[in-house]
Structure formats: C-alpha cells, structure tokens
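Student: With the input below, show me the fold.
(chains A and B)
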Amino acid sequence: MGLEIIKPGMLTTLQDSGRYGHQKEGIITSGAMDRFACRVANMLAGNADDEAVLEITLTGPTIRFTEDHLIALTGADLTAELNGEQVAMWRPLLVKKGSILSFGAPVACCRAYLAVSGGFAMPKLMGSYATYLQAGIGGWQGRALQVGDVIPCNSPTPAGIALLSQSMSATSGHAYVAASWTPDPQFYPAYDPNPTIRAIKGPEFELFSETSQEQIWSERFQVSAQSDRMGYRLQGVSLHLSEEAELISTAVTFGTVQVPPEGTPIVLMADHQTTGGYPRILQVVSVDLPILAQVVPGQTISFEEVSLEEAQQLYIRREQNLMQLARAIQLKHNT
Amino acid sequence: MRSCVFLCTLVNYTLPHQVYRGTQLSAGMKQKDMQLFRLYPLGDSAITVQFGDSIDRATHAKVRTFSTYLDRHPFAGFIEQVPAYNTVTVYYNPWQASERGFHNPYTRVTEQLQYILKVARENDKAAATRVVEIPVCYNGSFGPDFEYVARYTKLTPQEVIASHTRGTYQVYMIGFAPGFPYLGGMARKLATPRKQNPRPRIPAGSVGIAGDQTGIYPIETPGGWQLIGQTPLRLFDPNREQPSLLQAGDEVKFVAISEDEFWERKERAHGA
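Tutor: Residues are numbered from 1 along each chain as shown, chains lettered A, B, ... in the order given. As a prediction, the model looks like this:
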C-alpha cells in the first residue's frame, strides 16, 4: 500500500505532532505547522494523535493511490480534486485504488494535511516521524517528497475500518466516497487570511521602548516573503529596546516573537532553533499557532494581548472540544 | 460547568514575572548560598527558571543540579527541559498539568518547580560531572585557519595546540544545531575574530574559534568560525540513544592526535 508522488508540490513533507525530548541536545521539534489540522486529520482517519501526516504547502502535489485508502484532508483549502472531482475536506474519505489526488490554487490559507488510516509505514527517528529538513533526517529520507517517491502506508486501523464501512454506503463509480458528516466548524481555530493573533507579553517585553510596546499591539505587520517553517519575519514598524541590553542566550519556543537589533520582529515557527539570544517581546498563545501557521506570506497580522490565565483557559477549552470531537467520531464507529 | 471549575482555581493565580526572593533552598545552608532566582512564563506551555545574571561555572552548577533533579522526578504534564547558561526552561502540557482543566496549570507547575528548588540541593552529589575527551587533529587540511589563528594571536603552532588542549571546558548549553556545544573556558590569548566571509559548508567534526569562544560543528553547516582542527568523533548521531555526544553540564578536554590516529578513530566512530 502506498502513495505514489507524481508531482511533489512546493514543499510536501512528513510531519507529526513534533519531536519532543531532545531540545536540550539542540534537536529542534519540527512537526506540523498547524498542529490542530494535523491532529484532526488523524482523528478523522481513525489514527492515534501522533501518527505521521503529509503537510502540503501552497502548491499541492499530485498523488496516485496504489490501493484503496481511507484518508482525511484538513487545514487550508488548496482546491483538492480526486480524478478531477472536488474533494470534501475535514471528513473521512474512502479513495479507490488508482485515484489521483491533485491540487489547484490555494483559496486563502497555505497548509493542508493529508492523513491515511494506519499511517505511513516507516520507523520513528528519535521518537517522531517529523522531517528535520535542516539536518536531513526523519520523515521520508530526511527531505521533502520528490517525483517518483512511493510512500509506503500501513493497513487501516480498526477504527479506520469501522469508519470506512459506514462511509461505503453510496459507492457509484466515483473516485471517492465521503462521509456524510464533518466536525462542527465551531471546533476549528478562527482561520483568517489576515488574522488577529492573541499573545501574552514575552519575558523581555518591558525592555522595549514605550513606543515599541504600544506599536506591537496597535500596528499591523506583513508576513514577509522571507518566511518559512523556521520563522515568520514581520514587516512594518521596527521595534527597539529603550536601551541596549546584553542578553544571555536561553530557550525559545514555537510562537516566541523575538526582535533582532535591526528591529524586524520574527515569530518562531515549527522549525525554530532551540535557543536564542534576542529579546522576546511576545509569545503567541498555543491555540492561535494554527491560525498563524496558515497565513500566506504577503498577508498581514496584528496582535491582541491576553493574559496567561486566558491563554491557558483557551488551551484547556480546546482540549475539551477535541475530547468531544473524539467522542463524536467514536460514536460514528459504532453506528 | 467545565470553565467554572477552572475559574475557581484562579484565586491562587501567580502573576507572570514574579520574583521569588531568597527562598531557603535547604536547611543548614549559609547566607551566601541564598540565591535570587526568578520564575517566568514562556507562553502558556513553558516556564523558565533563572539562576543569576551571569555566565559562570557557579551559576551553571545550579542549573545542573535543578535539571538533574527534574529529569529524575518529572511531574504530571512535564514534556521536556532545556538547560542553558543561567536558565532551565521547562516545557509542559497545560491540559495534563491542570489534570484536565481542574487546576490552574501555571500555578500547579510553579509549585512543582519551587519544590524542586527547595529539595534539589540535597541530591547535589548524585550529579557527578562527566569529562569527555575530544581528540582533535590540529594540522593539515583539518584546520584550514590554523595558521591564520597562530599569526593573529602571535603564537607558535605548538603554543596554539598547548593552549587549546590545556584545562577543561564547560558545556553550558547545546543549541544552534543538533549536538552543538556552547563551551566556556577558552584561554583569552586564543581569541580570534570570525571570518569575514562565512564558508558555505564546514565538515562535521570541525573545531573552531569565534571571538573568545571555541566550539565543534556536529553536522555539515555553513559557518564563519576559524577552523583549527577536526575531531573524528560523531558529536551527533540520530540513531544513538542519546543523539548528542555532549550534554549541558559536561566538561570537555581536547586532546591532540596525529593524522593517522584521526583516520583510525574516525573508522571506529563511524563503524566503517
């Protein structure tokens, strides 16, 4: 069983919920940029949360399915088609052997996630399937997918098979059969091409000039073309410290907004280095990282301040929602 | 209902950037050991514990004591930790740390860390320092900037080697690249500025100098350090249980080896 890559797309990599436990060895977490879409794709395919998925960026790949597969496609709408038919996203899909998945132009956001029931058949490296592009390890041969790759898949999970059997009801010559149900979109993050991103003050917020402290909340910033999985460079006003400060390097994390001396803020994303020495003006709240991960370079964002307790309440609420969603999907297995 | 339970726990909410001053670390300690440490949130899923404001072995000893204890006694919701020069950053899952929304996660984790700050001292002796010998071939094509460093520092080649292999270096932190050690303790007389034009690729194992720092490149990367030699050891091997050869808190001792020895050890290290 496998996925044959006919066209690789702009940047298609194997990712998962991230490689944790080795950051103290300088090993970055990697993992899906939009962890929410990655997780829900796995849930809809009857997989465990930490199974590998394909992260598809802007210009999607063309993929041939060498067997019947149960899949789910979540995240950005990159106008996916199966044998030319528009694909319903955010639901289990039964795809027939030989079908071809292709993508058109992105509608608004930039990253889609493809999960295959049973996951991809490859060993984990340092506890994760995530591709570590800079070191050339993990995922599929440590690199983005290329023409001619055949990515081996496992057999569908029992949960996937249960979902499959209830999705099978109306087969009639189409490339795929979609489940009639989909999670309530109220569960999703508020995806928006030009979003307002919630953040808490970073550890060095108070070191910035009064003007910069105001501007970080009031101004809009454009996500520059020099943005990638490591970080987003934000163009707009430049930010400065009230006086020069010598900082000792320390750990950073996904969503840390740091400001190098020239004043252009950088939001650290999934492939960020483990440590840094620039002043950290903000820290994006966890639940808004998926929204940020979907912003296309050239679009703009602004920041809105929330407290740490609000950020953690949002986190807890999201987990409660995902638990409800998992229960709802489980009910579908049993019907 | 669910948010109500959570809101009730917010009474104990701890303000960000709160400084815990002069907490007694353990009974029987001297006044000078009473330390100012600081706990601050790094977003909603990490907390940094800061010990002191400088780069020195005494501060890092506290980092190590704390870090070792935490490794041995992880709390519910603990994900991982990153020790650095004067900080330990602790990553956690707020959902698990809050027992599924039942407690305030930040308060919960802060309490755990404060407890560790109190008791970790007692386990001090358990964290014996590891000294890792790093064999380095300092001449020939292994150190293309060796002669430049000798000229810049006005030292003879023998003096450069003698100085670089003298004493031990403290591994303060691993970062920048997988397995890359930030080392402290290089002799000041070896200090040489970085290259004007960074090299596009530096072979794995290269030993370099940048300003008053010395380091080892674990994987092939671009870089601007002055290269004085190369080690046959693999500083990073993703298939090892501990992929990074060096860990924060280790001490490093450089040992000069011949070219023959370099190839011999390289074969051994790479299992060829």
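
Student: what helix or strand is B:Y91 on?
Tutor: According to DSSP states H and E, B:Y91 maps onto strand B:87-92.

Student: what about the helix or strand following that strand, near chain A?
Tutor: Once the chain leaves strand B:87-92, the next helix or strand it forms, by DSSP H and E, is helix B:94-97. Yes: using C-beta under 8 Å from any C-beta of the partner chain, we find that helix B:94-97 touches chain A at B:P94, B:W95. Yep, even glycine has a C-beta here, placed from its N, CA and C like the rest.

Student: Pull out the buried positions in stretch B:194-209.
Tutor: B:K195, B:R199, B:I202, B:A204, B:G205, B:S206, B:V207, B:G208, B:I209 (16 or more other C-beta atoms under 10 Å in any protein chain shown).

Student: gap between the two ends of that stretch?
Tutor: 7 Å (C-alpha to C-alpha, to the nearest Å).

Student: how about the longest helix seen in chain A against chain B, any contact?
Tutor: Determined from DSSP state H, the single longest helix within chain A is helix A:308-334. Yes: contact of helix A:308-334 with chain B (C-beta under 8 Å from any C-beta) involves A:L308, A:E309, A:A311, A:Q312, A:Q313, A:L314, A:Y315, A:I316, A:R317, A:E319, A:Q320.

Student: In a markdown table: the residues you listed, plus distance to A:T79 and neighbour count.
Tutor: Formatted as a markdown table, the residues of helix A:308-334 next to chain B follow (distance: C-beta to C-beta, whole Å; neighbours: other C-beta atoms under 10 Å in any protein chain shown):
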| residue | distance to A:T79 | neighbour count |
| --- | --- | --- |
| A:L308 | 39 | 21 |
| A:E309 | 40 | 22 |
| A:A311 | 34 | 25 |
| A:Q312 | 37 | 31 |
| A:Q313 | 36 | 23 |
| A:L314 | 31 | 18 |
| A:Y315 | 32 | 21 |
| A:I316 | 35 | 24 |
| A:R317 | 31 | 15 |
| A:E319 | 31 | 18 |
| A:Q320 | 33 | 16 |
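
Student: Make TSV from these and add pLDDT to it.
Tutor: Output for these, formatted as TSV (pLDDT from 0 to 100):
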residue	pLDDT
A:L308	98
A:E309	97
A:A311	98
A:Q312	98
A:Q313	97
A:L314	97
A:Y315	98
A:I316	97
A:R317	96
A:E319	97
A:Q320	96
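
Student: tell me which of those residues is nearest to B:T214?
Tutor: Nearest to B:T214, judged by C-beta to C-beta, of these is A:L308 at 39.2 Å.

Student: wait, what's in contact with the closest one?
Tutor: A:I200, B:P16, B:P41, B:D44, B:Y106 (C-beta atoms under 8 Å, 6 or more residues apart in numbering or on different chains).

Student: Quickly note the distance from it to A:L239.
Tutor: Plainly put, A:L308 is 22 Å away from A:L239 if you go by C-beta to C-beta, to the nearest Å.

Student: got it, and A:S17?
Tutor: Distance from A:S17 to A:L239, by C-beta to C-beta: 32 Å.

Student: Low-confidence regions, the stretch 151-300 of chain A specifically.
Tutor: Applying pLDDT under 70 to the stretch 151-300 of chain A flags residues A:164-173.

Student: mind redoing it with 90?
Tutor: A:157-187, A:244-246 (pLDDT under 90).

Student: And the strands in it, which stretches?
Tutor: A:176-178, A:196-201, A:221-223, A:231-235, A:250-251, A:256-258, A:266-268, A:275-276, A:280-284, A:300-305 (DSSP state E, counting those that start in this stretch).

Student: Distance of B:Q170 relative to chain A?
Tutor: Per C-beta to the nearest C-beta, to the nearest Å, B:Q170 is found 14 Å from chain A.

Student: and A:S17, that one's in a strand?
Tutor: No: read with DSSP: H, G, I helix; E, B strand; the rest coil, A:S17 is coil and lies in no strand.

Student: Would you mind confirming that it is in contact with A:V40?
Tutor: No: A:S17 is not in contact with A:V40 according to C-beta atoms under 8 Å; the separation is 11.8 Å.

Student: quick one, which of those two is more surrounded?
Tutor: A:V40 (26 against 21; other C-beta atoms under 10 Å in any protein chain shown).

Student: Quick check: closest non-adjacent residue to B:N239.
Tutor: A:L125 (7.8 Å; C-beta to C-beta, 6 or more residues apart in numbering or on different chains).

Student: Would you mind giving both backbone torsions of that neighbour?
Tutor: phi -120, psi 120 (degrees, to the nearest 10).

Student: who's in contact with it?
Tutor: With C-beta under 8 Å, 6+ apart, A:L125 has these contacts: A:R19, A:Y132, A:I137, A:G138, B:P238, B:N239.

Student: change it to 7 Å
Tutor: A:L125 makes contacts with A:I137, A:G138, B:P238, as judged by C-beta atoms under 7 Å, 6 or more residues apart in numbering or on different chains.

Student: any idea which of these has the most stuff around it?
Tutor: Ranking the contacts of A:L125 using other C-beta under 10 Å puts A:G138 first, with 28 neighbours.

Student: ok, what's across the strand from A:I151?
Tutor: A:L3 (DSSP bridges).

Student: now swap in A:L268 and tell me
Tutor: Beta bridges link A:L268 to A:G231, judged by DSSP bridges.

Student: That one against A:Y232, yeah?
Tutor: No: applying C-beta atoms under 7 Å, one finds A:L268 not in contact with A:Y232, separated by 8.5 Å.

Student: For stretch A:138-157, measure first residue to last.
Tutor: 23 Å.

Student: now what about that stretch, what contacts it?
Tutor: A:1-5, A:7-8, A:11-14, A:30, A:46-47, A:61, A:69-70, A:116-122, A:125, A:128-132, A:136, A:164.

Student: what does stretch A:197-216 give?
Tutor: In contact with stretch A:197-216 (C-beta under 7 Å, 6+ apart) are residues A:237, A:239-242, A:245, A:256-257, A:279-285, A:288, A:291-292, A:301, A:303-308, A:311, B:40, B:42-43, B:48.
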